[in-house]
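Enquirer: Here is a sequence with its predicted model. Questions after.
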Amino acid sequence: MKRKPGKTTEAERERARTELSIQIGKAAREARLKLKLTQADVAERVNLSGEVYGKLERGAMLPSAPTLIKLRTALGVSADYLMGLAADAHPEGLRVAPATDEEMSPEVRRLLRLMRTMDDEQLDILKGTAAGFVRLKKRREQPPTA
């Protein structure tokens, strides 16, 4: 049976989908590394589980349109760049607000993510513990008295 001109087969559609998912994943990984973010950082900003974001970055899945928009915002790049349609990640007029915790180390960002899961009682305990560590450090930094 002959195929009609201009018609694509399911295999061709799947190959294109795979190539696009790999391109998006590769571009997302490059942008994430430039920002010195972890996969967990981006997953949180895009509202995905870490496992799902990891699959996206490996090219194992395509993001939905709303997720693609969140991803481009979180990474500060254009959707065209993520899809391989533009060489420039930051075209004229693209204004992306930087994340407030971009300058924090990955360890501090992990701690913040953990703290967001705590209830008020757990946060009070953590706050008291942290305050105790700060007091101990100050005490150790003081010169000994004679």
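Expert: Noted; the coordinates are in hand.
Enquirer: contacts, neighbours, all on C-alpha from now
Expert: Will do.
Enquirer: tell me the domain ranges of this structure?
Expert: 10-89, 103-146 (automatic domain parsing).
Enquirer: got the buried residues for stretch 114-122?
Expert: Within stretch 114-122, no residue is scored as buried using 16 or more other C-alpha atoms under 10 Å.
Enquirer: Excluding chain neighbours, give the residue nearest to the spatially most central residue of the chain in space.
Expert: Geometric centre of the chain, nearest residue: Val42, 1.2 Å, by C-alpha atoms, centre = their mean. In space, and not counting its chain neighbours, Val42 is closest to Ala74: 6.6 Å by C-alpha to C-alpha, 6 or more residues apart in numbering.
Enquirer: ok, back up a step: pretty sure the residue nearest to the centre of the chain contacts Arg32?
Expert: Yes: using C-alpha atoms under 8 Å, Val42 is in contact with Arg32, at 7.4 Å.
Enquirer: what residues does the lowest-mean-pLDDT helix or strand in the chain touch?
Expert: Among the helical and strand segments of the chain, the one scoring lowest on mean pLDDT, DSSP states H and E is helix 106-116, with a mean of 83. With C-alpha atoms under 8 Å, 6 or more residues apart in numbering as the test, helix 106-116 has contacts from 37-38, 41, 101, 123.
Enquirer: what sits against Arg63?
Expert: Quick fix: residue 63 reads Pro, not Arg. 21, 56.
Enquirer: Please, where are all the helices along the chain?
Expert: For the chain, the helices defined by DSSP state H cover 10-34, 39-46, 50-57, 65-75, 79-82, 106-116, 120-141.
Enquirer: who does the first one touch, helix- and strand-wise?
Expert: When you say that, I think you mean helix 10-34. helix 50-57, helix 65-75, helix 79-82 (3 or more C-alpha pairs under 8 Å, 6 or more residues apart in numbering; DSSP states H and E).
Enquirer: Can you give me the buried ones in it?
Expert: 18, 20-29, 31-32.
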